[in-house]
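In: got a predicted structure plus its sequence, pasted below:
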Amino acid sequence: GELPLFVQTKLLRTLQEGTVMRLGGQRETKVDVRLVAATNRDLRLAVARGAFREDLFYRLNVIPITLPNLAERRGDIPDLVASFLSHANQANGTNVSLTGRAVAFLVR
């Protein structure tokens, strides 16, 4: 949703033709890629404003998955907090936890 138009053009070309040119390269290289793209922007609005290429939008919008924002999924917050804390504890060799009151505050 935030790619400059000149990068959108290059991405679209790569997706359509299945080739890339390495920086400083002399020839194109064939690639076989699948792309997963995510944004918090309204791309339909960006297309209407001319800030996002319509052809790239339709190329990317093959299987749209709309995920409600976290404010609409407050019940997920305790599980997310537990997962993030577990990951941080493992990465840092710590045993940090939050009280139920602190998690309730985050949910609010």
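Out: Received it, and whenever you're ready, just let me know what you need.

In: lowest-confidence helix or strand of the chain?
Out: In the chain, the helix or strand scored least confidently by mean pLDDT, DSSP states H and E is strand 19-21, which has a mean of 92.

In: next structured bit after that one?
Out: For strand 19-21, the following helix or strand on the C-terminal side (DSSP states H and E) is strand 28-30.

In: buried by neighbour count: which residues of the helix or strand following that next one qualify?
Out: Toward the C-terminus, strand 28-30 is succeeded by helix 43-49 as the next helix or strand (DSSP H and E). Buried residues in helix 43-49, counted by 16 or more other C-beta atoms under 10 Å: 43, 46, 47. Any C-beta I mention is one placed from the backbone N, CA and C, and that applies to glycine too.

In: other SSEs contacting the least confident helix or strand of the chain?
Out: Applying 3 or more C-beta pairs under 8 Å, 6 or more residues apart in numbering; DSSP states H and E, we find strand 19-21 packed against strand 28-30.

In: the least confident helix or strand of the chain pairs with which strands, and in what direction?
Out: Within its sheet, strand 19-21 is paired with strand 28-30 (antiparallel), according to DSSP bridges.

In: ok, residues contacting the strand it pairs with?
Out: For strand 28-30, contacts defined as C-beta atoms under 8 Å, 6 or more residues apart in numbering pick out 18, 19, 20, 21, 22.

In: most surrounded residue in the residues you listed?
Out: For those, neighbours were counted using other C-beta atoms under 10 Å, and residue 20 has the most, 15 neighbours in all.

In: for that residue, list the residues it contacts.
Out: Contacts for residue 20 (C-beta under 8 Å, 6+ apart) come out as 14, 28, 29, 31.

In: so the second one versus residue 20, what's the distance?
Out: The spacing between residue 28 and residue 20, counted by C-beta to C-beta, to the nearest Å, is 7 Å.

In: and for the third one?
Out: As for residue 29, its distance to residue 20 is 6 Å (criterion: C-beta to C-beta).

In: ok, the first one next?
Out: The gap separating residue 14 from residue 20 is 5 Å, by C-beta to C-beta.

In: what touches both of the two?
Out: Common contacts of residue 14 and residue 20 (C-beta under 8 Å, 6+ apart): residue 31.

In: closest to residue 87 among the buried residues of helix 43-49?
Out: Closest approach to residue 87 among the buried residues of helix 43-49 (C-beta to C-beta): residue 43, at 30.5 Å.
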